[in-house]
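S.K.: A structural model of the following input is requested.
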Amino acid sequence: MGSIDKYIFRTTLTAFAMVLVSLTGVIWITQALRDIDLMTGEGQTILTFLGLTSLIIPALVLIISPIALMIAVSHTLNKLATDSEIIVMNAAGFSPFRLFRPFLYATCVVALLVAFISAYLAPEGLRRLKQWSAEITADVLTNILQPGRFAQLDQNLTIRIRERKPGGVLEGVFIDDRRDPTMRVTIVADHGTVIKNDHGSFLVLEKGVLQRLEASKRDPAMIEFDSNAFDMSQYSKRGGDVTLGIRERYVWELLAPADDDPMYEQLPGQFRAELHERFMAPVYPFAFAALTFAFLGAPRTTRQSRNFSIGGSILAVFSLRMIGFACSVMAVKSPIAPAVQYLMLFAAIGVSLWIILDGVVLEPPAALIEAINKSNARLLRLLGRPAAA
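M.R.: Next up, the predicted model:
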């Protein structure tokens, strides 16, 4: 790889990384805000909230990566054109396909990243998310204990909390324990937290009073404590097994599902659609990069407008992806839809490569440009501004 190739390769991947991080961050925040009740309603810590919501990031990267690559290729080509570097390279004997080579290297890196995420990382994150969510949902300590309500965990065990604060802190804890027929225990604590370890789940109470009334005695015993652990292991479930959806399956599980898989027996079409979507995920970066270069890679002078090329590349990429989404939906019921999607993708790559190899410059017809200029001049006269000469 020569110095020019390294320069373009590095510039493209740097732009790709910046765009990918920015878009993923924005979309992740919008998704994470939907689960903010993990802290406010279910008393989970900020670390649990961040860990749980971050598991969707691989699935977001899988969708955003081809778009981020298209933006990165557009940015790099626009930078090269603004500095007249494309014209200089063309004058030095660089063919359009030779200029496309470092972009192809960058596309291969992105395609490998997308293939890994599609085959393993995205389903791994989604299945961990489902398992973790099941554990939180199945946990009595975070769902039954609601502020201001007396929760009867057992026939002779009642717990009430006054308030649930972020970080898993339970304010104003009251416990009435009559499970032992020979003794009644009442605990009032200022606050408490739930701690889980290998020995079980415990409600650690801070700054409280324990009242113990034995059946054989008339007066209760009062004990003040700074810290006291109340065993809640039997009331805190660990989530158990969860049923994996189609998106949580690895690509090899979609390719060869078990014969006795009940979900596959019920939804074979969705398995087929998801499998082909995984196979086509690494192809989209090549299609997007080739289309973008076909519109923007030809040498132009600074007097020639690139607005049409930029708009055309965006429209072509958007149309290709929307048709791909439509084919994925139709693939659930139609086995022909994936074939149409493959044909569409490889046709887009083939046409783009033909344009690049032949050095075709995609420009609007002269009549269309003249009509647009006349329309702009007419609009400027209506606004009372003189048209540019």
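S.K.: contacts and neighbour counts: CA atoms only from here.
M.R.: OK.
S.K.: Which residue ranges of the stretch 51-200 of the chain form strands?
M.R.: According to DSSP state E, counting those that start in this stretch, the stretch 51-200 of the chain carries its strands in the segments 150-154, 157-165, 169-177, 183-197, 200-214.
S.K.: TSV for the ones you listed, including distance to residue 13, mean neighbour count and mean pLDDT?
M.R.: Formatted as TSV, the strands of the stretch 51-200 of the chain follow (distance: least, C-alpha to C-alpha, whole Å; neighbours: other C-alpha atoms under 10 Å; pLDDT from 0 to 100):
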stretch	distance to residue 13	mean neighbour count	mean pLDDT
strand 150-154	56	15	74
strand 157-165	44	19	82
strand 169-177	45	20	85
strand 183-197	43	18	83
strand 200-214	47	18	84
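S.K.: Mind checking these for the one nearest to residue 248?
M.R.: Between residue 248 and the strands of the stretch 51-200 of the chain, the shortest gap by C-alpha to C-alpha is with strand 183-197, which sits at 27.3 Å.
S.K.: Output the contacting helices and strands for that closest one.
M.R.: Here strand 183-197 touches strand 169-177, strand 200-214, going by 3 or more C-alpha pairs under 8 Å, 6 or more residues apart in numbering; DSSP states H and E.
S.K.: Turn the strands of the stretch 51-200 of the chain into a markdown table, including distance to residue 65.
M.R.: Converted to a markdown table, the strands of the stretch 51-200 of the chain look like this (distance: least, C-alpha to C-alpha, whole Å):
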| stretch | distance to residue 65 |
| --- | --- |
| strand 150-154 | 48 |
| strand 157-165 | 38 |
| strand 169-177 | 40 |
| strand 183-197 | 38 |
| strand 200-214 | 42 |
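S.K.: that older thread, okay if I get the helices and strands packed on strand 183-197 as a markdown table plus distance to residue 297?
M.R.: Output for those, formatted as a markdown table (distance: least, C-alpha to C-alpha, whole Å):
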| stretch | distance to residue 297 |
| --- | --- |
| strand 169-177 | 59 |
| strand 200-214 | 62 |
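S.K.: how about those, which one is nearest residue 318?
M.R.: strand 169-177 (47.8 Å).
S.K.: Which strands border the closest one, and is each parallel or antiparallel?
M.R.: strand 157-165 (antiparallel), strand 183-197 (antiparallel) (DSSP bridges).
S.K.: for residue 224, phi and psi?
M.R.: As for residue 224, its main-chain torsions (degrees, to the nearest 10) stand at phi -90, psi 140.
S.K.: what's the spacing between the nearest residue to it once chain neighbours are set aside and residue 231?
M.R.: Spatial nearest neighbour of residue 224, excluding adjacent residues (C-alpha to C-alpha, 6 or more residues apart in numbering): residue 209 at 4.5 Å. Remark: distance between residue 209 and residue 231 (C-alpha to C-alpha, to the nearest Å) = 17 Å.
S.K.: show me what contacts the residue sitting nearest the centre point of the chain?
M.R.: Central residue of the chain (C-alpha atoms, centre = their mean): residue 60, 2.6 Å from the mean position. Residues near residue 60 by C-alpha atoms under 8 Å, 6 or more residues apart in numbering: 24, 27-28.
S.K.: By neighbour count, which of the residues you listed wins?
M.R.: residue 24 (21 neighbours; other C-alpha atoms under 10 Å).
S.K.: Give me the buried positions along the one helix or strand that residue maps to.
M.R.: Using DSSP states H and E, residue 24 falls within helix 3-32. By 16 or more other C-alpha atoms under 10 Å, the buried positions in helix 3-32 come out as 5, 8-13, 15-16, 19-20, 23-24, 28, 32.
S.K.: So for it, mean pLDDT?
M.R.: Averaging pLDDT along helix 3-32 yields 89.
S.K.: elements contacting that helix?
M.R.: So helix 3-32, by 3+ C-alpha pairs under 8 Å, 6+ apart, packs with helix 46-54, helix 57-82, helix 96-116.
S.K.: Now render these as a markdown table, adding distance to residue 383 and mean pLDDT.
M.R.: As requested, these are arranged in a markdown table below (distance: least, C-alpha to C-alpha, whole Å; pLDDT from 0 to 100):
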| stretch | distance to residue 383 | mean pLDDT |
| --- | --- | --- |
| helix 46-54 | 50 | 73 |
| helix 57-82 | 31 | 90 |
| helix 96-116 | 42 | 92 |
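S.K.: ranking those by burial, who's on top?
M.R.: The highest mean neighbour count among those, using mean count of other C-alpha atoms under 10 Å, belongs to helix 57-82: a mean of 22.
S.K.: what's the angle between that one and helix 96-116?
M.R.: Interaxial angle, helix 57-82 versus helix 96-116 (axes from the mean of the first three to the mean of the last three C-alpha atoms, to 10 degrees): 170 degrees.
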